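Colleague: sequence below, structure please.
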Amino acid sequence: MKYLITLLMLCLGVHMSANSVKDPILFYQINGVKIPVIYEESSLLPIGSIQLVFIGGGSVNDGEKFGLSRLGASILNEGTKELGATKFSEKLEQKAIGLSASSGLETLNITLDYLKDKQKDAISLLGDLLSSPNLTENALKNIQTKTISNLLNKETDFDYIASTTLSSLLFKNTPLAHPALGTIQSVKNIELKDIKTYLKENLSLSRLIIVMGGDIDTDKTLATLKPILSKLPTGQKAKTHHYNANAKPQEKIILKDTQQAYIYFGAPFAINSLKDEAYKAKVMGFILGSSGFGSRLMEEIREKRGLAYSAYMRIVTANIASYATGYLQTQLKNQNESIKLVKKVVADFIDKGVTQAELDNAKKFLLGSEPLRNETLSARLGAKFYNFYLGLPLDFDKIELEQIKNLTLKEFNGYVKSHPEIKNLSFSIVTKKEEKGK
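Modeller: As a prediction, the model looks like this:
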């Protein structure tokens with residue numbers, strides 16, 4: 001359903017002017033808890049969307065039960081205890097309602113999409129799911145089987161292996177070192193009581209943020225949601241986390257039967273204030289490696305030397321961690337040369353800075369493309385939520401564009417040179433097994 005809605009928006013070019021939007025945040029009280037509500041009303045299409053975001057329900061809080069949050073979200077996709085997955089899914093389909101759950105690094109998300117005239121039915125089915133999820137041994141076995149099958153497939157996914165290994169190097173002894181999917185053994189060890197505890201702890205009012213939009217009356221929609229949400233426990237807010245990437249360069253080689261070398265790399269990136277620095281980090285990452293053709297990495301690795309089809313590097317700026325990360329795939333014979341070149345490109349970038357032309361091109365692209373990313377309703381709501389979650393103004397995207405516009409070469413190169421820590425690159429490399437007798 002959500003894909004249909006997005007397609008309709010794109011086909012019709014649906015967007016709203018800023019003047020048609022009311023204050024995009026309010027606090028709605030349920031059982032004495034003030035719940036943040038981020039919203040945008042639009043009557044251009046007869047659709048509605050509600051997302052319940054529970055802070056703390058992500059993999060960073062799995063503890064020793066690696067993969068718990070993924071299983072916890074997955075079991076919410078198994079329907080209700082009374083109807084089961086198939087019959088509950090049929091009820092949704094009959095009314096063209098989309099209802100799904102997922103978990104990320106820090107959140108558990110439940111998304112409800114519906115046609116305007118089916119809002120009452122949609123919210124009623126959401127209430128059924130929240131009050132009686134399919135917490136049965138059969139449902140758990142089903143999602144465990146699917147997850148283990150996925151993990152078995154990952155054993156030949158060399159990008160996944162290289163990526164998760166890099167995380168284990170950069171964030172050793174932290175929750176970020178473990179794959180969100182878990183491991184085959186950890187998934188097998190998760191019991192129904194673990195899922196019940198996870199859902200009880202996270203499906204709580206103190207952790208809830210509501211994001212809604214479309215052809216809805218916000219006040220009436222919240223009033224309809226209130227009886228359902230009031231049944232949730234108050235709970236406790238999740239603890240905040242921050243982890244620093246390992247500053248000591250490391251390298252780990254994983255031998256597989258592969259015809260290519262999969263090279264993933266990363267380094268710490270220190271940031272003190274997202275509000276004051278995020279825009280500089282965005283420009284920095286764009287020029288260094290996230291802009292595709294024209295970036296430093298692509299220019300040196302592909303264009304000049306033909307060592308890889310693509311090379312990518314970005315700077316992650318978030319509350320939980322800030323770091324630089326990248327990857328490339330190359331022929332086995334070019335593996336060592338490629339690694340040396342990545343180190344050199346990053347070092348030269350930090351030591352020598354960028355040219356005025358590079359900065360101008362980056363500013364031109366970012367100032368022109370960023371507004372396009374927020375043309376759809378779902379994109380705008382997503383951006384507002386993310387800004388709110390990071391403790392930034394909801395319209396921070398507009399503020400950031402103004403910051404980029406006014407960025408000078410002297411200021412930017414000074415910022416680049418203040419981050420020598422990203423030269424401390426760690427590498428995770430999946431390469432070919434050595435053949436016997438050679």
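Colleague: can you tell me what sits against stretch 148-159?
Modeller: Contacts of stretch 148-159 from elsewhere in the structure, counted by CB atoms under 8 Å, 6 or more residues apart in numbering, are 160-161, 181-184, 187-188, 256, 258, 260, 262, 264, 327, 329, 430. All C-beta spots, glycine's among them, are computed from the backbone N, C-alpha and C.
Colleague: hey, where'd the strands end up in the stretch 151-300 of the chain?
Modeller: Applying DSSP state E, counting those that start in this stretch to the stretch 151-300 of the chain gives strands spanning 208-214, 251-256, 260-268.
Colleague: reformat those as JSON lines; add mean pLDDT, mean neighbour count and distance to Ile123.
Modeller: As requested, the strands of the stretch 151-300 of the chain are arranged in JSON lines below (pLDDT from 0 to 100; neighbours: other CB atoms under 10 Å; distance: least, CB to CB, whole Å):
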{"stretch": "strand 208-214", "mean pLDDT": "97", "mean neighbour count": "23", "distance to Ile123": "11"}
{"stretch": "strand 251-256", "mean pLDDT": "96", "mean neighbour count": "13", "distance to Ile123": "48"}
{"stretch": "strand 260-268", "mean pLDDT": "97", "mean neighbour count": "23", "distance to Ile123": "43"}
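Colleague: for Pro175, find the nearest of these.
Modeller: Closest approach to Pro175 among these is made by strand 260-268 (16.6 Å; CB to CB).
Colleague: who does that closest one pair up with?
Modeller: According to DSSP bridges, strand 260-268 forms sheet pairs with strand 322-331 (antiparallel), strand 426-432 (antiparallel).
Colleague: so which of those is the most packed in?
Modeller: For the strands paired with strand 260-268, average neighbour numbers computed from mean count of other CB atoms under 10 Å are highest in strand 322-331, which has a mean of 23.
Colleague: next secondary structure after that strand?
Modeller: The element immediately downstream of strand 322-331 (helix or strand, assigned by DSSP states H and E) is helix 335-352.
Colleague: which parts of the next helix or strand after that next one are buried?
Modeller: For helix 335-352, the succeeding helix or strand toward the C-terminus, using DSSP H and E, is helix 356-373. By 16 or more other CB atoms under 10 Å, the buried positions in helix 356-373 come out as Glu358, Leu359, Asn361, Ala362, Lys363, Leu366, Glu370.
Colleague: thinking again about what came up before, list just the nearest of the contacts of stretch 148-159 to Leu401.
Modeller: Of these, the one sitting nearest to Leu401 (CB to CB) turns out to be Tyr327, at 28.2 Å.
Colleague: and the residue nearest to the closest one when sequence neighbours are not counted, what are its bridge partners?
Modeller: Nearest residue to Tyr327 in three dimensions, chain neighbours excluded: Tyr264, at 4.6 Å (CB to CB, 6 or more residues apart in numbering). Per DSSP bridges, the residues bridged to Tyr264 are Tyr327, Ser428.
Colleague: doesn't Gly326 make contact with Tyr264?
Modeller: Yes: judged on CB atoms under 8 Å, Tyr264 makes contact with Gly326 at a distance of 7.4 Å.
Colleague: quick one on the thing from earlier: residues in contact with the residue nearest to Tyr327?
Modeller: So Tyr264 contacts Asp159, Ala162, Ser163, Thr165, Leu166, Thr325, Gly326, Tyr327, Phe427, Ser428, Ile429 (CB under 8 Å, 6+ apart).
Colleague: same deal with Phe265?
Modeller: Counting by CB under 8 Å, 6+ apart, Phe265 touches Leu166, Met313, Thr325, Gly326, Tyr327, Ile339, Val342, Leu425, Ser426, Phe427, Ser428.
Colleague: and it, how far is that from Thr164?
Modeller: In this view, Phe265 and Thr164 are 14 Å apart by CB to CB, to the nearest Å.
Colleague: Glu251 too?
Modeller: Per CB to CB, Glu251 is found 16 Å from Thr164.
Colleague: one more: Tyr39?
Modeller: 36 Å.
Colleague: just to revisit the earlier point, can you list the contacts of Tyr264 in TSV and add distance to Asp121 and pLDDT?
Modeller: Shown next, in TSV, are the contacts of Tyr264 (distance: CB to CB, whole Å; pLDDT from 0 to 100):
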residue	distance to Asp121	pLDDT
Asp159	41	97
Ala162	45	98
Ser163	41	97
Thr165	46	98
Leu166	45	98
Thr325	43	97
Gly326	47	97
Tyr327	45	97
Phe427	53	98
Ser428	48	98
Ile429	52	98
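Colleague: in stretch 153-169, what's buried?
Modeller: For stretch 153-169, the neighbour count (16+ other CB under 10 Å) marks Lys154, Phe158, Tyr160, Ile161, Ala162, Ser163, Thr164, Thr165, Leu166, Ser167, Ser168, Leu169 as buried.
Colleague: just the CA atoms of it, as CSV, please.
Modeller: What follows is stretch 153-169 as a C-alpha-only set of coordinates in CSV (Å, rounded to 0.1, in the frame of the first residue of the first chain):
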residue,chain,number,x,y,z
ASN,A,153,22.1,-16.7,2.3
LYS,A,154,24.2,-14.0,3.9
GLU,A,155,27.1,-16.5,4.1
THR,A,156,27.7,-16.0,0.4
ASP,A,157,26.9,-12.3,0.4
PHE,A,158,30.4,-10.9,0.5
ASP,A,159,29.3,-7.3,0.8
TYR,A,160,27.4,-8.2,3.9
ILE,A,161,30.3,-10.1,5.3
ALA,A,162,32.8,-7.3,4.7
SER,A,163,30.3,-4.7,6.0
THR,A,164,29.5,-6.5,9.3
THR,A,165,33.1,-7.3,9.8
LEU,A,166,34.0,-3.7,9.5
SER,A,167,31.5,-2.8,12.1
SER,A,168,33.0,-5.3,14.4
LEU,A,169,36.4,-3.6,14.0
